[in-house]
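Colleague: Curious how this folds, go ahead:
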Amino acid sequence: MPNTPAQQISFASLVQRFFTEYLVTQRALSPCTIASYRDAMMLFLGFTHKYLGKAPTELNLADIEPELILAFLNHLEQDRHNSVRSRNLRLAALRAFLHYASRRDVSSLHIIERALGIPMKRFEQPMLDFLSREEMLAILGQPGETWTSQRDHLLLTMLYNTGARVSEIIGVQVGDVVLEGTACVHLHGKGRKQRSTPLWKSTVQIIRIWLRRNPMLGTGSALLPNRCGQAMTRFNVTQRLNIAVNRAARIDSSLSKRKISPHTIRHTTAMSLLQSGVAFSVIALWLGHESTTTTHRYVEANLEMKQKALERLDEPSIEMNRYRPQNDELMQFLQTL
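Modeller: Predicted coordinates:
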């Protein structure tokens, strides 16, 4: 049976092939990336159904005009209150699909090219927020006697020790932890990238105590399980961190005014490494950054390092001339506007 001509492939078939053949088989992208692309497509199709009155199976590539995509992006920001970063991620997913579709439906190439012309939206990079050593120690506190307290203490200690992302830390299994010899933990990062991060002796001791208390945890078990024995969720981690921050705020009142997330601890680890004189390249490897450009953001946020650099410079001894206004008629006119 002859193959279906490229220009006759339905929109629904293109979407299915994009996910099953292209993303999974050809690109072999990570499940998290595929899930992000899937969410973007579902949001877009749901919006299109309301905007055009067409069911997803009735759509054609010709329907995907720039006006439709712009309306969808405005919907994300205004109605769903998504950040510009989230808006750009959804657009990137749609672009990837359109690039794929353009190679399989040549008849719609001119329409796709117009849609691909929609630019990413620029946004201000917020300053990185991080904790001082004293603030971090206050949040860590001391482990209590309960199972939950000891689990939370290990969770926060490992976040601080490794600088891991939440997805990485909740994905750690007992078999990923090496306690003999050079102690380390194997982290499974973004894009299926793996790295090993060394552990402090104190962290190793906490892990040993935890494993002795939980002998039922096998090699394939989550090191940090919930009460049901399953891996913790992002929400679980955020919730337990908030409890620790509220407890620490009784000691350090400044913490009560801070919005602290698990990613704040990641920034804190990076900043501690930077202030200790660790090279950018090592910090990038530690955190799993693809480029040291990302790591340079920590220098931007470190006011103390900037102050020390400024102290090495001699202040210029410049005598400032007194400002005298000009009497030029054109300048006077402009000043009155």
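Colleague: which stretches of this structure form strands?
Modeller: 177-178, 184-188, 194-198 (DSSP state E).
Colleague: Pick the most buried one from those.
Modeller: For the strands of the chain, the largest average neighbour count (mean count of other Cβ atoms under 10 Å) is found in strand 184-188, namely a mean of 19. Just so you know, the C-beta spots here come from the backbone N, C-alpha and C atoms, and that holds for glycine as well.
Colleague: That one pairs with which strands?
Modeller: For strand 184-188, the pairing partners within the sheet under DSSP bridges are strand 177-178 (antiparallel), strand 194-198 (antiparallel).
Colleague: Can I get those in TSV including distance to His186 and mean pLDDT?
Modeller: Conversion of the strands paired with strand 184-188 to TSV gives the following (distance: least, Cβ to Cβ, whole Å; pLDDT from 0 to 100):
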stretch	distance to His186	mean pLDDT
strand 177-178	8	96
strand 194-198	5	91
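Colleague: Mind checking these for the one nearest to Leu29?
Modeller: strand 194-198 (15.7 Å; Cβ to Cβ).
Colleague: what about the closest one, distance to the chain center?
Modeller: Taking Cα atoms, centre = their mean, to the nearest Å, one finds the center of strand 194-198 at 19 Å from the center of the full chain.
Colleague: just stretch 48-57 next, same as before
Modeller: Averaged C-alpha coordinates place stretch 48-57 at 31 Å from its chain's average position (Cα atoms, centre = their mean).
Colleague: Just the buried residues of it, please?
Modeller: By neighbour count, with 16 or more other Cβ atoms under 10 Å as the criterion, the buried positions of stretch 48-57 are Thr48.
Colleague: mind putting the strands of the chain in a markdown table, distance to Asn214 included?
Modeller: Supplementary listing: those in a markdown table, determined by distance: least, Cβ to Cβ, whole Å:
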| stretch | distance to Asn214 |
| --- | --- |
| strand 177-178 | 13 |
| strand 184-188 | 17 |
| strand 194-198 | 22 |
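Colleague: for these, which one sits closest to Gly53?
Modeller: Each of the strands of the chain was scored for nearness to Gly53 using Cβ to Cβ, and the closest is strand 184-188 (43.5 Å).
Colleague: now what about the closest one, what contacts it?
Modeller: By Cβ atoms under 8 Å, 6 or more residues apart in numbering, the list of residues contacting strand 184-188 from outside reads 158, 162, 164, 168-169, 171-172, 176-178, 194-199, 288.
Colleague: try 10 Å
Modeller: Residues lying outside strand 184-188 but in contact with it, judged by Cβ atoms under 10 Å, 6 or more residues apart in numbering, are 30, 158, 161-165, 167-169, 171-173, 175-179, 193-199, 203-204, 207, 223, 287-288.
Colleague: Quick one: mean pLDDT for that strand?
Modeller: Confidence over strand 184-188 (mean pLDDT, whole number) is 93.
Colleague: CA atoms of that strand as CSV?
Modeller: Coordinates of each C-alpha in strand 184-188 appear next as CSV, following Å, rounded to 0.1, in the frame of the first residue of the first chain:
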residue,chain,number,x,y,z
CYS,A,184,28.6,10.8,46.7
VAL,A,185,25.0,10.7,45.3
HIS,A,186,24.2,10.1,41.6
LEU,A,187,21.7,12.7,40.4
HIS,A,188,19.5,12.3,37.3
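Colleague: From the chain's centroid, how far away is that strand?
Modeller: When C-alpha coordinates are averaged (Cα atoms, centre = their mean), strand 184-188 and its chain have centres 19 Å apart.
Colleague: What of stretch 187-207?
Modeller: Its chain's C-alpha centre and that of stretch 187-207 lie 18 Å apart, by Cα atoms, centre = their mean.
Colleague: for it, how far is the first residue from the last?
Modeller: The first residue of stretch 187-207 is 16 Å away from its last residue (Cα to Cα, to the nearest Å).
Colleague: still on that earlier bit, mind checking which of the strands paired with strand 184-188 is nearest Ala55?
Modeller: strand 194-198 (41.9 Å).
Colleague: Check what contacts the closest one and list those residues.
Modeller: Outside of strand 194-198, the residues that reach it under the criterion Cβ under 10 Å, 6+ apart are 158, 161-164, 168, 176, 178, 182-189, 204, 269, 285-288.
Colleague: Before I go, just wanted to say thanks for your time.
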